[in-house]
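S.K.: Show me the folded form of this:
(4 chains)
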Amino acid sequence: MAIQIRFFASLRERVGHTSLSIDGDGIGSARDVWHAVSDQSPDEEMLVAINKSYADLDRAVQDGDEVAFFPPVTGG
Amino acid sequence: MAIQIRFFASLRERVGHTSLSIDGDGIGSARDVWHAVSDQSPDEEMLVAINKSYADLDRAVQDGDEVAFFPPVTGG
Amino acid sequence: MRVEIRESAFDPWIEVSEFRRTQLAIGKAGASAVFVGTMRDFNEGDDVTSMVLEHYPGMTERQLEDMTREAIAAHQLEDALVIHRVGNIVPGDDIVLVAAFSAHRKAAFDACRAMMETLKSTAPFWKKETLTSGERWVEKNTAG
Amino acid sequence: MRVEIRESAFDPWIEVSEFRRTQLAIGKAGASAVFVGTMRDFNEGDDVTSMVLEHYPGMTERQLEDMTREAIAAHQLEDALVIHRVGNIVPGDDIVLVAAFSAHRKAAFDACRAMMETLKSTAPFWKKETLTSGERWVEKNTAG
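M.R.: Have a look, this model is predicted:
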């Protein structure tokens, strides 16, 4: 198993990836996922979703989860 | 010259007239117009228009004016 | 702005679409807020089979025009459209269309709702319903 | 209820009209409150020539469905319809349709506006605008 990571919009462009897969070993929270792929602090306004539902950075993440990071939404 | 009077909706049915014309002699206000055609007190909720604009019963009326009486409006 | 009284059935969605296409500049009105009132087959707990909508020709148009002009100015709308049906109406027929077009959604929403409330409380229209048991005048509009 | 993401242009007025005709019982929904958001050719003082609307497939639908279901329950709607465009968009194209159908106008107005605000603040869509001087991401939606 692994953790699927997705990035959207300006964050996708900044990170340079649409999606990534990482090994779940040593990953406890969405914050850990972020730090596994970035050496920058997460932007204060960054939004997080786990398995397509909003979550916060300290929410627990398990093997097989999909974790998404994106900027404030601008639809409508 | 004369004063044209119009009635609408339930008030039209109660009065039994769609329109009437009365002589303006002795008519000072919309209230005088009402009493020239009815021996009942005006209903508290009755609305009044003079020349197609809302007015109150004590508004002055002149020869040639059109005075309308109607119940609360129920459009939309 | 356009304000119309109609004596026969109209399709409010075609009216809005045509108004936008012919009256509005492309790319300016980012927000369209539309309200359509449709005749129900029930009112105050009773079945209603048809209705006659009476108005005060001349005054009704003036009230609706004043109201629409004021809404455009107050909310800085791009434009607005109001259509109201009169005459014999059956359940499912559309009675009223109020549409507000503006650059931003707040103004469109606020103006559309304000116009509907003003119309309901001031425009001289009256409804007489036909029930299975006879006829009755609708006595008063409720606040929105 | 119906919630749809569209990858090509749609006509919101035809959609509302068809939805009412095919999904709603005649004579029940006396009130239809509709909001349509349309791409402008300007934003924050700059000319905008086109736009790309990105979304999060799966999550976006879920957010919109949850929001619509909650609005129907909270406002006791007869029904509701939400359509949102994604992909390449030009000024004048319609981006979003939110429609609330209910017996009375207060519920329809309240629900339509509440759905739009929820959509604007929570549905995962992102706009990238093309200006004459280049591209930029829209950074944040303003409150309505």
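
S.K.: Tell me which residues touch the closest residue to chain B within chain C, please.
M.R.: Closest contact between chain C and chain B, by Cβ to the nearest Cβ, is at residue C:125 (2.6 Å). C-beta here means a position set from N, CA and C on the backbone, and glycine is covered the same way. If a contact means Cβ atoms under 8 Å, 6 or more residues apart in numbering or on different chains, then residue C:125 has B:73, B:74, B:75, B:76, C:53, C:54, C:55, C:60, C:84, C:86 as its contacts.

S.K.: can you list the residues of chain C near chain A?
M.R.: residue C:105 (Cβ under 8 Å from any Cβ of the partner chain).

S.K.: which neighbours does the least confident helix or strand in chain C by mean pLDDT have in its sheet, and in what orientation?
M.R.: The weakest-scoring helix or strand in chain C, judged by mean pLDDT, DSSP states H and E, is strand C:42-43 (a mean of 92). Strand C:42-43 pairs in its sheet with strand C:46-55 (antiparallel), by DSSP bridges.

S.K.: in the partner strand, what counts as buried?
M.R.: C:48, C:50, C:51, C:52, C:53, C:54, C:55 (16 or more other Cβ atoms under 10 Å in any protein chain shown).

S.K.: Stretch A:63-73 now?
M.R.: A:65, A:66, A:67, A:68, A:69, A:70, A:71, A:72, A:73.

S.K.: which residues does the spatially most central residue of chain C contact?
M.R.: Geometric centre of chain C, nearest residue: residue C:96, 3.0 Å, by Cα atoms, centre = their mean. Listed by Cβ under 8 Å, 6+ apart, the contact partners of residue C:96 are B:75, B:76, C:35, C:36, C:37, C:82, C:83, C:84, C:85, C:116, C:119.

S.K.: ok, of those residues, which one's closest to residue A:37?
M.R.: The closest of these to residue A:37 turns out to be residue C:35 (Cβ to Cβ; 48.0 Å).

S.K.: need the residues of chain A near chain D, please.
M.R.: Residues of chain A lying near chain D by Cβ under 8 Å from any Cβ: A:6, A:8-10, A:45, A:47, A:49, A:52-54, A:68, A:70-76.

S.K.: which of these are buried?
M.R.: Buried among the residues of chain A next to chain D (16+ other Cβ under 10 Å): A:6, A:8-10, A:47, A:49, A:52, A:68, A:70-76.

S.K.: Select from those every entry located in helices.
M.R.: Secondary structure from DSSP state H places A:9, A:10 of those in helices.

S.K.: which of the buried ones among the residues of chain A next to chain D are close to chain C?
M.R.: Counting by Cβ under 8 Å from any Cβ, the members of these near chain C are residue A:76.

S.K.: now, among the buried ones among the residues of chain A next to chain D, which is nearest to chain B?
M.R.: residue A:76 (27.9 Å).
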